[in-house]
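*Asks:* Have a look at this prediction, sequence included:
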Amino acid sequence: MYKILFMLKATEQAKKREKIARYSQEDLEQEPVSFLRELGAGIVPNAPRLKKKVLIAELIAATQAERVIVGLIPDTPLDAIAITKDVADQFEENVNQQLGEWTEKFYEEFRKLVQSKWRGADGWDESIHGDLASMGYRVVRYLDEYEGRGGENLKFTTKLRYRTRIWELLEEFVQAEEGAVYYKQLESCLELLRRAIKIQISETANLKKNLQERKLAQRKKDKVTVSFKPLHEFSLKTLQNLEKFSSRDWKRISIALVIASGRRLSEIHLTTTKFEYVDSFKVSFTGQLKVKGKAAKYYEDNPAYEIPTLVNAELVVKGHDWLKRNNKTVNTPDLANRRYSGDLSDAVRMLRSRWDVQHECFTYKGFRAIYGQVCNQVFNNNNQDNVLYLAEILGHGRGDLIDGDDLTDMLTPQSYNSDFEVVDTDCVLS
């Protein structure tokens, strides 16, 4: 075993440690010991001989440094961020200090403005509204110009987080003046400032949406034609011959299921997911993920809904049962993505060459878009105005759909029409 440790290159060890670090102790405890021993090979001495409890402790101990970074930046590969815990802590401390110093100076200006615009019994100088709008713009501009890690501009979500921190500090400064002569005026103007900042952020969000729409239009121009016939044949033959496959063939079954059902990777590989037969080309699906707002409430009240299938529905039910019997489902979506996404990406890349489709969106996730287009052609009479239909069968905004057919998020369903022109769909019902 020490020989194995020696044989692993430093880059290979780093990659493997990162993979291990993304499993929590609870995740590891759910795994069979055979998987844990394979995971620990080259990282933990004598991994094949250790008992499960000891092996888990060794895996966690061997990846303590990586776990710190994964916790800080969970969606970034470790080899892409050359950073130690000390550097990370220092960066966060610098951010808080920088935001704090800027907000303190900003508050002093805000305080002086409020005092100068209050006319006592005569009320406010009317120019206060314009002045507060201008101050709201300054917060947004500050975040737009803020230099993040690596000298890059902040992402939109990071700007929102930093804005929240600035706002919390402003509230603390105002609360500290409770009992002062201008306290009520400060409170009132702080609420006006909050509205001004929200308006500015909303305008930024609209600009972001417009950019997404332009990118969507460009994607539609770059569409490629995909014949569904080989994909359908792959899915159908795979699910018709499940008894011929062993557990190591799980990637083939998973890809066959996404082609036939259009569900996400984390939905297909989730233990609690259910596919129940309804009729020849329809199943009842339970396990919708990535929903929020009204849609989240809808799926909480209605966890199962019917979806079309592109092979006989009974085969989809049997295919998912096969994954469960062969221990290829897990208890959480995050674990499913960590466990299976890498291997499935590699498998789809091989199929991309086999089917001669050279498009960056021809991925496991891309099969979901292809599924939507095929369903629209086969079951929805090739309706050109198909955004609501795609949203319904793919689980986007369903809670909004039942409120007068008003779909809030139009861009996501539209994106499923953006990358592929799918042909040869008559094979589904033939």
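*Replies:* On my side now, so go ahead.

*Asks:* Enumerate every residue touching Ser246.
*Replies:* By Cβ atoms under 8 Å, 6 or more residues apart in numbering, Ser246 lies in contact with nothing. Heads up, the C-betas are built off the backbone N, CA and C, glycines and all.

*Asks:* go on, Asn380?
*Replies:* For Asn380, the set of contacting residues under the criterion of Cβ under 8 Å, 6+ apart consists of Asn386, Tyr389.

*Asks:* does Leu190 really touch Val174, like I thought?
*Replies:* Yes: contact between Leu190 and Val174 holds when scored by Cβ atoms under 8 Å: they sit 5.4 Å apart.

*Asks:* From Leu289, how far off is Tyr183?
*Replies:* The spacing between Tyr183 and Leu289, counted by Cβ to Cβ, to the nearest Å, is 47 Å.

*Asks:* And the strands in the stretch 251-400 of the chain, which stretches?
*Replies:* Remark: strands of the stretch 251-400 of the chain, listed N- to C-terminal, are 274-279, 282-286, 304-308; assignment by DSSP state E, counting those that start in this stretch.

*Asks:* Tell me how many other residues crowd Val387.
*Replies:* Residues contacting Val387 under the criterion other Cβ atoms under 10 Å number 20.

*Asks:* Model confidence for the residue nearest the centre of the chain, exactly?
*Replies:* Closest residue to the average C-alpha location of the chain: Lys290 at 7.7 Å, with Cα atoms, centre = their mean. We note a pLDDT of 74 for Lys290 in this prediction.

*Asks:* what's near enough to touch it?
*Replies:* Arg264, Gly395.

*Asks:* and the gap between it and Ile268?
*Replies:* Distance of Lys290 to Ile268, computed by Cβ to Cβ: 14 Å.

*Asks:* show me where pLDDT drops low in the chain?
*Replies:* Along the chain, the parts satisfying pLDDT under 70 run over 1-11, 65, 68-93, 149-152, 156-157, 200-222, 291-295, 359, 384, 397-417.

*Asks:* Domain-wise, how is it divided?
*Replies:* 2-80, 85-221, 225-423 (automatic domain parsing).

*Asks:* Now do Leu192: how many residues are near it, please.
*Replies:* Going by other Cβ under 10 Å, the residues that sit close to Leu192 add up to 18.

*Asks:* Does it belong to a helix, a strand or coil?
*Replies:* Reducing the assignment at Leu192 to three states with DSSP: H, G, I helix; E, B strand; the rest coil gives helix.

*Asks:* Check this structure for me, the residue farthest from its geometric middle.
*Replies:* Of all residues in the chain (Cα atoms, centre = their mean), Ala121 lies farthest out, 53.6 Å.

*Asks:* Contacts for stretch 318-325 next, please.
*Replies:* The set of residues that contact stretch 318-325 without belonging to it, under Cβ under 8 Å, 6+ apart, is 238-239, 242, 245, 250, 253-254, 256-257, 260, 268-269, 271, 273, 275, 329.

*Asks:* PyMOL command to pick out the buried ones of those residues?
*Replies:* With 16 or more other Cβ atoms under 10 Å as the burial test, the buried ones among the contacts of stretch 318-325 are selected in PyMOL as follows:
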select buried, resi 238+239+242+250+253+254+256+257+260+268+269+271+273+275+329
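
*Asks:* List just the nearest of the contacts of stretch 318-325 to Asn381.
*Replies:* Ala260 (20.7 Å; Cβ to Cβ).
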